[in-house]
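Asker: let's see this in three dimensions:
(2 chains)
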Amino acid sequence: MWDQRFETILRQHLPFLDPEEPLLGGTSLRDSGLDSLAMVELLAMLESEYNVRFVDEAMSMETFATPETLWSAINDMLGASV
Amino acid sequence: MTNATVFPGMGPCEFTDVAKFMLVNRDARDLLATASDALDYDLFARYRDSDDDYSEYAQVAFLVNCVALARWAERVLDLRPSLVAGPSFGGKAAAVYSGALDFAEAVRMTARLSRIETEYFAAEQPGVVTMSFVRTPPDRLREILGELDEAGEWYEISCYVDTDFWMVTLHEGRTDWLAQRLRAGGGLPLYVMDPPLHAAAFQPLRDRVEAELFASLHFTDPQIPVVADQDGTVRDTADGVRAMLLDGIVTPVRWPEVVGTFQRLGVETVHVCGSDRLWGRVGATVRNFHTTIVDPRRAMSPIRRTVAA
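Answerer: Numbers count the residues shown, from 1 in each chain, chains lettered A, B, ... in the order given. Next up, the predicted model:
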């Protein structure tokens, strides 16, 4: 499960997700309002917060499908940087 | 305070997001009726039944909504711009709203241009597309384009959106390679547009459009100056606006040049009139201006009025 920082940052980029609505692992980020430019802003915030760099496969649209896929990509990068 | 109205370039737009606005809003309804008369078909029905994001009907509907939103903003919010601009497709709405081109003529022009472009690219330059991408600094872009040069591949930069945001036109078969090279450097490929846009290689299309379409259009001097999307120059004559639209076929959009002109002329606020996911949100715009989005959602929301005590 992801940490609170991740959830806070992610929710800022999901205008269609009600604050009271739970953010589930399989929630569709696109349906929750994450469009292309929001994705760019989100990427920059996550890179800054977790000191990682999204490149190669991590930049695919699949990475941004759900909270679970996105958090998994960050975890992979954090693991690789240890 | 100086303000400018910007009509966005066209992007995918859900029919359901704009349908209510087109039917209920007074300005949209009037323009929709005029457009249907000009085209001799029911634009709303054709748009509803079309499943192509860039069909002739979607394009004309986008024009209708952009102009309607600017007129609504003028009527209800008293927004009266000192300048107008329209990157890419937005140039058509800019020509209309500035007073340089009659709305019905612009509707017929948009429909006919869509048909000519479809025919042209299918017959003369099939397999050419335009890819947009972001998070790619100029140095990195030069490296990647250098690799295309070495491979003897043709390409053109079709749009300079921001310092790290571009659109490049190239052969369809190279898009997977380009996407992979972009991602390797942290770049994010966004869309692949077909038909493509804004490339010098489309000169035969420009010539055909000028001969078959623009010869019969009547432009007048604009009442509001138009800032050309390809070079940021201010167009205040009929010929200037006409050339802006025609040259857009063969010259890239340079949004930072438009931003520079706005700054030099003291623009502080930019109102983006249309269904927009790009131009009113990109860094070059929001870093430099107070930016408001005038879209169908806003026009359909109740207006909050301050009541004096």
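
Asker: does residue 30 lie in a helix or a strand, and which?
Answerer: You didn't pick a chain, so chain A it is. Here A:R30, judged by DSSP states H and E, is contained in no helix and no strand.

Asker: sorry, should have said chain B
Answerer: helix B:26-39.

Asker: just the CA trace of that helix, in PDB.
Answerer: The C-alpha coordinates for helix B:26-39 follow below in PDB (Å, rounded to 0.1, in the frame of the first residue of the first chain):
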ATOM      1  CA  ARG B  26     -28.200  31.300 -26.700                       C
ATOM      2  CA  ASP B  27     -25.000  32.200 -28.500                       C
ATOM      3  CA  ALA B  28     -24.200  28.600 -29.400                       C
ATOM      4  CA  ARG B  29     -27.700  27.900 -30.500                       C
ATOM      5  CA  ASP B  30     -27.700  31.000 -32.800                       C
ATOM      6  CA  LEU B  31     -24.400  30.100 -34.400                       C
ATOM      7  CA  LEU B  32     -25.400  26.400 -34.700                       C
ATOM      8  CA  ALA B  33     -28.400  27.400 -36.700                       C
ATOM      9  CA  THR B  34     -26.300  29.700 -38.900                       C
ATOM     10  CA  ALA B  35     -23.800  26.900 -39.400                       C
ATOM     11  CA  SER B  36     -26.400  24.400 -40.400                       C
ATOM     12  CA  ASP B  37     -27.900  26.800 -42.900                       C
ATOM     13  CA  ALA B  38     -24.500  27.500 -44.300                       C
ATOM     14  CA  LEU B  39     -23.700  23.800 -44.700                       C
END
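
Asker: what residues sit buried inside it?
Answerer: Of the residues in helix B:26-39, B:D27, B:A28, B:R29, B:L31, B:L32, B:T34, B:A35, B:S36, B:A38, B:L39 count as buried by neighbour count, 16 or more other CB atoms under 10 Å in any protein chain shown. C-beta coordinates here come from the backbone N, C-alpha and C atoms, glycine included.

Asker: which single residue of chain A ends up nearest chain B?
Answerer: Residue nearest to chain B within chain A: A:M59 (4.1 Å; CB to the nearest CB).

Asker: just give the number of residues close to the closest residue to chain A within the stretch 1-150 of chain B.
Answerer: As assessed by CB to the nearest CB, chain A sits closest to B:V134 within the stretch 1-150 of chain B, at 5.4 Å. When neighbours are counted by other CB atoms under 10 Å in any protein chain shown, B:V134 registers 22.

Asker: need the contact list for it.
Answerer: A:S36, A:L37, A:V40, B:V161, B:D162, B:D164, B:F165, B:W166, B:G187, B:L188, B:L190 (CB atoms under 8 Å, 6 or more residues apart in numbering or on different chains).

Asker: okay, and which of those residues map to helices?
Answerer: Applying DSSP state H to those, the entries found in helices are A:S36, A:L37, A:V40.

Asker: ramachandran angles for the residue lying closest to the last one once chain neighbours are set aside?
Answerer: Right, the one you point to is A:V40. Nearest residue to A:V40, sequence neighbours excluded (CB to CB, 6 or more residues apart in numbering or on different chains): B:V134, at 5.4 Å. With angles defined as degrees, to the nearest 10, B:V134 sits at phi -140, psi 170.

Asker: looking at the sheet around B:V134, what are its partners?
Answerer: B:L188 (DSSP bridges).

Asker: can you give me the pLDDT of it?
Answerer: What the model reports for B:V134 is a pLDDT of 96.

Asker: any idea how far B:Y57 is from it?
Answerer: For B:V134, the distance to B:Y57 (CB to CB, to the nearest Å) stands at 29 Å.
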